[in-house]
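Novice: The following comprises the amino acid sequence and a computationally predicted model.
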Number of protein chains: 2
Amino acid sequence: MDLNQASQEQLQQWQTQLQQEFENFKTQGLQLDITRGKPSSEQLDLSNQLDGILAGHYNSSNGTDVRNYGGLDGLPEMKQLGADILSVPQERILVGGNSSLTLMFQAMMQAYFFGYAGPESAWQQQDNVKFLCPVPGYDRHFAICEHFGIEMLTVSMNEDGPDMDQVETLIKADPSIKGMWCVPKYSNPTGTVYSAATIERIAKLGQIAGEGFRVFWDNAYVLHDLNANAPALASIADYCQQHGTEDSVLQFASTSKVSFAGAGVAFMAASPNNLAAFKQTLSIASIGPDKVNQLRHAKLFPDLASLKAHMMKHADLLRPRFEVVLNRLEEAFGDNDLGQWQSAAGGYFVSFDTRPGLAKRVVDLAAEAGVKLTPAGATYPYGSDPQNSNIRIAPSVPTVDDVDLAMQVFVCAVKLASVEQALAA
Amino acid sequence: MDLNQASQEQLQQWQTQLQQEFENFKTQGLQLDITRGKPSSEQLDLSNQLDGILAGHYNSSNGTDVRNYGGLDGLPEMKQLGADILSVPQERILVGGNSSLTLMFQAMMQAYFFGYAGPESAWQQQDNVKFLCPVPGYDRHFAICEHFGIEMLTVSMNEDGPDMDQVETLIKADPSIKGMWCVPKYSNPTGTVYSAATIERIAKLGQIAGEGFRVFWDNAYVLHDLNANAPALASIADYCQQHGTEDSVLQFASTSKVSFAGAGVAFMAASPNNLAAFKQTLSIASIGPDKVNQLRHAKLFPDLASLKAHMMKHADLLRPRFEVVLNRLEEAFGDNDLGQWQSAAGGYFVSFDTRPGLAKRVVDLAAEAGVKLTPAGATYPYGSDPQNSNIRIAPSVPTVDDVDLAMQVFVCAVKLASVEQALAA
């Protein structure tokens, strides 16, 4: 289907065919949802033993009665697991509650309102606070910035991570840029894995940025490979130590897509200075995390090897869903320019770009046929994709057959929208 | 022991006796701790069945898979339980994570930084924000105010709650007073239960206070009676509705001293306006509370009656500890003016007042003999008790025998410090 060479007549013919195909989908009364990066019920079943796993034993490795108050930064065994996951020493880890998003919000609150180096260092002391956002990116990151009134500047995502030339140029020119969002492995939604060179350049940003600069390093998919031969991720903590910029990066991870999405355990890794400031506020705001649930996780995942073995079971459930998505895209758009995407080696998404100006129309069309897609623009700050072309596909929840059906609708919607546009040109 | 009539010789004789008694305690190498309001291991054992209680069934009453993301304000069955506990309609309830302190911090953050009625209503827009703190009170409440830079003004605690004449006078005179801490039942540490008349006056403060005024109603001990014939607490929500001040009160409670102290479920009750603003920020900061743990609690406590029956088991464990405390105090100070205290009908504390100027000395002496007490001053804002006389006694954790021993040391320390003071006068 080469729209560039097609005659008006050919275009009209395609449109008629596609409209008919589309009407057929509509008559099926589909109710499919490929919007959010959630685990499926089958994936959640993998951890069902969590409830009851303690068998009446409520003491942690250091003898703590996990049922009672106390222990602001988590159990030692879970700190060790977090350390192994994020490749940092155990003393750099804080183990939180059920949401790394909450840790990120709290880390932002600390930076913005309270300051990591006393009240004078709080970002709100400045007139204008800006953040760099590689795009497309994660809507919940952008929502945090927006809630704090932080202005977001976009930078392009390349194949090896954010465009670091852009990033460095912006940061050198503007000390009011106080931070940057990063999902370094299987970036949401592009699936990009940051290269070692990119990671080292990010680690060095603390040398050129304004006072109080913090990279929010959301390693949400650090364990979430689709295949055994997963790409390695360089350690940003090592580069930071090497370049004397330890305070400039805050790392996050969680077991949300490892055990139970809503009842997992979250981790933060940070420098001693950052941890001290963060914990000072946390000591005011909390009686400590749920240590019982931490102990449950320590039993389920006694070490990193057991955790990785567990993740391969997730991969076995996810892989066929991603294969269906990629196959349908390849089949439909492999030989034309109606769409672009990257194959994902992990994470929860496939990022798809329509021809400019069509994402909203595609999402609307799919909705008409009963297939719910992430709103167009959601992957950009303020919900505004300047090209109106990016759509995030999240195939984890429906069955393989349903993903396949949803992708057929999606493909038809992309083609139809593209033909409509060509006809109107 | 009447210090007022005693001769110098008599005082010196008493001092010698008490010093000897004190030295005897010191030789015993005691390590006792009556500092914090924590449940004992026996109390925690009462809820051990929580782990495993789901028996593989992870669906809530409305069919939600509790393992996955979502559900910002909690499961319906837990909302109902919170509604029953706090005597409000279910739609006024938000069910949180494991800490009502966290909900209070978040509620303060909303008021101070983000505002309950848009950014312009945020307290930080004002030069000076003040809070009323009935004293003695709870150190963690004061710590929250201090962290936000809110100036604390103390008001006296009467037998039926805060001195409302003082409260109303202060509030009328100063619109920068933006809130007030209240623990309406078994107030920490005095054990005071607010009378209906006091509660109605608190509900009416919204009519005379400055814009944005919020009472933080920490009903931490709403269920924590030591006896079956517990004093009733009037419903502040009912009074607020009656007087059109629903937005002026935020209520909090939790199961922290009901099930597991560190792994329970927290509740907030608030007006529709307050809930909407609170949830808007929460939707940015959280993927939702741990619904698996909420479902566990719903299984353990299917209704208020089962919850109350459970609390009587706690009471059976706590009652003898409180009896020992009160008996030792009565025996030692019932016939003299060396100390004052109130008998507690519930909660976790006995509040004791030494003669003015002696609390620090008593705490130091007890520490010397191996008995750890809450630091003197902790029950006052900024850790500063102007009379230096209040000491909070928390007898829940040690065994009955250990509480008895600790109280013997305590009594000896109070007597010794009092005699020292009389000799120096």
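Specialist: Cool, the structure landed.
Novice: In chain A, which helix is the longest?
Specialist: Longest helix in chain A, counting residues (DSSP state H): helix A:304-333.
Novice: ok, that helix near chain B or not?
Specialist: No. Using CB under 8 Å from any CB of the partner chain, we find that helix A:304-333 stays clear of chain B, coming within 13.7 Å at best. (C-beta placed from N, C-alpha, C; glycine too.)
Novice: elements contacting that helix?
Specialist: Judged by 3 or more CB pairs under 8 Å, 6 or more residues apart in numbering or on different chains; DSSP states H and E, the packing partners of helix A:304-333 are helix A:41-45, helix A:76-86, strand A:339-341, strand A:350-354, helix A:400-424.
Novice: So which bits of the stretch 1-150 of chain A are right by chain B?
Specialist: Proximity of the stretch 1-150 of chain A to chain B (CB under 8 Å from any CB) is limited to residues A:36, A:38-39, A:41, A:44, A:47-48, A:50-56, A:58, A:65-71, A:97-99, A:101-102, A:105-106, A:109, A:113-114, A:119, A:140, A:143-144, A:147, A:149.
Novice: Keep only those of those that are in strands.
Specialist: Among the residues of the stretch 1-150 of chain A next to chain B, no member is found in strands (DSSP state E).
Novice: what sits up against the helix or strand containing residue A:242?
Specialist: Here residue A:242, judged by DSSP states H and E, is contained in helix A:236-243. The set of residues external to helix A:236-243 that reach it, using CB atoms under 8 Å, 6 or more residues apart in numbering or on different chains, is A:86-88, A:92, A:184, A:199-200, A:202-204, A:206-207, A:215, A:217, A:246, A:248-249, A:251, A:269, A:271.
Novice: how about a cut-off of 6 Å?
Specialist: With contact meaning CB atoms under 6 Å, 6 or more residues apart in numbering or on different chains, helix A:236-243 is reached by A:88, A:199, A:200, A:203, A:204, A:246, A:249.
Novice: how many neighbours does the residue in the stretch 51-200 of chain A that chain B sits nearest to have?
Specialist: At 3.1 Å from chain B, residue A:52 is the closest residue in the stretch 51-200 of chain A, using CB to the nearest CB. Neighbours of residue A:52 under the rule other CB atoms under 10 Å in any protein chain shown: 17.
Novice: With adjacent residues omitted, what lies nearest to it?
Specialist: Counting by CB to CB, 6 or more residues apart in numbering or on different chains, the nearest residue to residue A:52 once its immediate chain neighbours are dropped is residue B:52, at 3.1 Å.
Novice: so what pLDDT did the one you found get?
Specialist: Residue B:52 carries a pLDDT value of 96.
Novice: again, but for the one 10 residues further on
Specialist: As summarised for this prediction, residue B:62 has a pLDDT of 92.
Novice: excluding its backbone neighbours, what's nearest it?
Specialist: Residue B:62's closest residue in space is residue B:76 (CB to CB, 6+ apart), at 5.4 Å.
Novice: Do I have it right that the one you found meets residue B:63?
Specialist: No. Using CB atoms under 6 Å, residue B:76 makes no contact with residue B:63, being 10.3 Å away.
Novice: Name the residue in these two with the higher neighbour count.
Specialist: residue B:76 (17 against 6).
Novice: how close does the more buried one sit to residue B:331?
Specialist: 51 Å (CB to CB, to the nearest Å).
Novice: What number of residues are in the vicinity of whatever residue of the stretch 301-425 of chain A ends up closest to chain B?
Specialist: For the stretch 301-425 of chain A, the residue closest to chain B is residue A:397, as judged by CB to the nearest CB, at 8.9 Å. Applying other CB under 10 Å, we find 22 residues neighbouring residue A:397.
Novice: quick one: contacts for it?
Specialist: Contacts here follow CB under 6 Å, 6+ apart; on that basis residue A:397 touches A:38, A:40.
Novice: Tell me the pLDDT of it.
Specialist: 96.
Novice: ok but it is inside a helix, no?
Specialist: No. In this structure, residue A:397 is coil, not part of a helix, as judged by DSSP: H, G, I helix; E, B strand; the rest coil.
Novice: and it, backbone torsions?
Specialist: Phi and psi for residue A:397, reported as degrees, to the nearest 10, are phi -80, psi -50.
Novice: Could you chop chain A up by domain?
Specialist: Domain segmentation of chain A under automatic domain parsing yields A:8-43+A:308-424, A:70-302.
Novice: which ones are touching the residue nearest the centre of chain A?
Specialist: By CA atoms, centre = their mean, chain A has its centre lying nearest to residue A:188, at 3.9 Å. Residues in contact with residue A:188 (CB under 6 Å, 6+ apart) are A:138, A:349.
Novice: Going along the chain, name the helices of chain A.
Specialist: Using DSSP H, helices in chain A cover A:8-27, A:41-45, A:76-86, A:100-109, A:139-148, A:164-173, A:196-203, A:205-208, A:236-243, A:272-285, A:291-300, A:304-333, A:359-368, A:400-424.
Novice: Give me the neighbour count for the closest residue to residue A:306 other than its chain neighbours.
Specialist: Nearest residue to residue A:306, sequence neighbours excluded (CB to CB, 6+ apart): residue A:300, at 7.8 Å. The number of residues packed near residue A:300 is 18, by other CB under 10 Å.
Novice: now swap in residue A:17 and tell me
Specialist: If you count neighbours by other CB under 10 Å, residue A:17 ends up with 14.
Novice: ok, now residue A:208?
Specialist: Counted with other CB under 10 Å, residues neighbouring residue A:208 total 13.
Novice: Kindly provide the distance from it to residue A:245.
Specialist: 10 Å.
Novice: what's the answer for residue A:90, then?
Specialist: Counting by CB to CB - residue A:90 and residue A:245 are separated by 21 Å.
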